[in-house]
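Peer 1: Everything below, folded, please.
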Amino acid sequence: MTTSFKALMVTRYEATKEQKVETVTLSPDDLMEGDVLVRVAWSTINYKDGVSLTGKLPIIRRYPMIPGIDFSGTVETSTHPDFKPGDEVIINGWGLGETHYGAYAEMARVPGDWLQPLPEGITLRDAMAIGTAGYTAQLAVMALERHGIAPKDGPILVTGAVGGVGSVSVAILNKLGFTVIASTGRTSEAEYLKKLGAAEIIDRKELSEPGKPLGRERWVGAIDSVGSHTLANALAMTRARGAVAACGNAGGMDLPATVAPFILRGVTLYGIESVRQPKSVRIAAWNRLARDLDLDALAAMTREIGFDEILPAARQIAEGKIRGRLLVRIGG
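Peer 2: All right, here's what the predicted structure looks like:
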């Protein structure tokens, strides 16, 4: 067994509340409680990781902390009945990187109830190319499906389309046969979005400014990772009895909307929470990802980086400068 390993550790100066991020050497004895020890192979940088590492939002709730909200790897030791050494596993959510030591370390000890087996049809690398962003996108797609929305009913809007959640949403919806309208502030990435399956690209400015309580009905559903005026306008332009799945706040936590879309058109707003979903929902979503997400599309939206590139990449994603998915090689 590994006697020492590297980890990215975040500490905080109490006087100024400023964070310090440094690479440290730990042993398994330094890890937090859990009944499964995992050798981490891959992680990713989600928007949440970016704002956590940069201190842009108060994601970390105890210090010191190893950040990183998801990883894939191989079980080293286990006293949990569901896992044994050699099993390939994935994890996301459950306070990982917030209250429990997270993914940016070569070893992690976690409760086995938080883990799930690697789905058939994807590799450990694929799983983190998907990551929490892709898993969240799948949950949003499933919410629209449960609402009864089908490809024949009309187009689906995806906001923040160049980001991780947006890119995966576009690719999944396209494979399922939906017509996708992609909204982005980086219209220079139009060709990228079209390759993922977007049929139409609209400028973020069309949605990011204050709008009317009700607008022209343009889409039957939407997946929004932006919030604020963008979400309000997405709701205002959703067709009667349509639905919007909200899963992010890159544009703000506020929702400057009215009740008009809900009481005059019967629009439904679904909140997508990915941190504490029951295992049955997680397994269903990940199995759908293995089936519904084209691996060529996943490769086209993914860039691999090394451990030493985590912090600068986190700064970029927090500033909205990253396209698609960032895959981090942790072990090996």
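Peer 1: who touches residue 65 in this structure?
Peer 2: Remark: with contacts taken as CB atoms under 8 Å, 6 or more residues apart in numbering, residue 65 is in contact with 9-10, 97-98, 101-102. From N, CA and C alone the C-beta is placed, and that goes for glycine too.
Peer 1: switch to 10 Å and redo it
Peer 2: By CB atoms under 10 Å, 6 or more residues apart in numbering, the contact set of residue 65 is 8-12, 19, 32, 52, 59, 97-102, 104.
Peer 1: Show the pLDDT at the closest residue to residue 173 other than its chain neighbours.
Peer 2: Ranked by CB to CB, 6 or more residues apart in numbering and with sequence neighbours excluded, the top spatial neighbour of residue 173 is residue 180, at 5.0 Å. Taken from the predicted model, the pLDDT recorded for residue 180 is 98.
Peer 1: Contacts only, for residue 180.
Peer 2: With CB under 10 Å, 6+ apart as the criterion, the residues that contact residue 180 are 155-158, 161, 169-174, 193-194, 196-201, 219, 223.
Peer 1: residues contacting the most centrally placed residue in the chain?
Peer 2: Against the mean C-alpha coordinate of the chain, by CA atoms, centre = their mean, the closest residue is residue 133 at 1.7 Å. Counting by CB under 10 Å, 6+ apart, residue 133 makes contact with 44-49, 70, 92, 163-169, 225, 247-248, 274, 324-326.
Peer 1: how close does it sit to residue 166?
Peer 2: Relative to residue 166, residue 133 is positioned 9 Å away (CB to CB, to the nearest Å).
Peer 1: so what sits against both of these two?
Peer 2: 225, 248, 324.
Peer 1: Could you rank those by neighbour count and give me the top one?
Peer 2: Highest neighbour count within these, by other CB atoms under 10 Å: residue 225, with 28 neighbours.
Peer 1: Quick check: closest non-adjacent residue to that one.
Peer 2: For residue 225, the closest residue by CB to CB, 6+ apart turns out to be residue 248, at 3.2 Å.
Peer 1: roughly how far apart are the one you found and residue 159?
Peer 2: Relative to residue 159, and taking CB to CB, residue 248 is found at 9 Å.
Peer 1: Touching both of the two, which residues are there?
Peer 2: With contacts defined as CB under 10 Å, 6+ apart, the residues shared by residue 248 and residue 159 are 165-166, 223-227, 230-231.
Peer 1: Take those and keep only those in strands.
Peer 2: 223-224 (DSSP state E).
Peer 1: Name the nearest of the shared contacts of residue 248 and residue 159 relative to residue 260.
Peer 2: Top of the list for closeness to residue 260, among those and by CB to CB, is residue 231 at 14.1 Å.
Peer 1: Bridged to the closest residue to that closest one other than its chain neighbours, which residues?
Peer 2: Closest residue to residue 231 in three dimensions, ignoring its sequence neighbours and counting by CB to CB, 6+ apart: residue 224, at 4.8 Å. Under DSSP bridges, the beta-bridge partners of residue 224 are residue 246.
Peer 1: C-alpha coordinates for the longest helix along the chain, PDB please?
Peer 2: For the chain, the longest helix by residue count, based on DSSP state H, is helix 124-146. Backbone C-alpha positions of helix 124-146 (Å, rounded to 0.1, in the frame of the first residue of the first chain) are rendered in PDB as follows:
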ATOM      1  CA  LEU A 124     -12.600   5.500 -15.300                       C
ATOM      2  CA  ARG A 125     -11.300   8.200 -17.600                       C
ATOM      3  CA  ASP A 126     -14.700   8.600 -19.400                       C
ATOM      4  CA  ALA A 127     -16.400   8.900 -16.000                       C
ATOM      5  CA  MET A 128     -14.500  12.000 -15.000                       C
ATOM      6  CA  ALA A 129     -14.600  13.500 -18.500                       C
ATOM      7  CA  ILE A 130     -18.400  13.400 -17.800                       C
ATOM      8  CA  GLY A 131     -18.000  14.300 -14.100                       C
ATOM      9  CA  THR A 132     -20.500  16.100 -11.900                       C
ATOM     10  CA  ALA A 133     -21.300  18.500 -14.700                       C
ATOM     11  CA  GLY A 134     -22.300  15.700 -17.100                       C
ATOM     12  CA  TYR A 135     -24.200  13.900 -14.300                       C
ATOM     13  CA  THR A 136     -26.100  17.100 -13.500                       C
ATOM     14  CA  ALA A 137     -26.900  17.500 -17.200                       C
ATOM     15  CA  GLN A 138     -28.300  14.000 -17.300                       C
ATOM     16  CA  LEU A 139     -30.500  14.700 -14.300                       C
ATOM     17  CA  ALA A 140     -31.900  17.800 -16.000                       C
ATOM     18  CA  VAL A 141     -32.600  15.800 -19.200                       C
ATOM     19  CA  MET A 142     -34.400  13.100 -17.100                       C
ATOM     20  CA  ALA A 143     -36.500  15.800 -15.400                       C
ATOM     21  CA  LEU A 144     -37.700  17.100 -18.800                       C
ATOM     22  CA  GLU A 145     -38.500  13.500 -19.900                       C
ATOM     23  CA  ARG A 146     -40.500  12.900 -16.700                       C
END
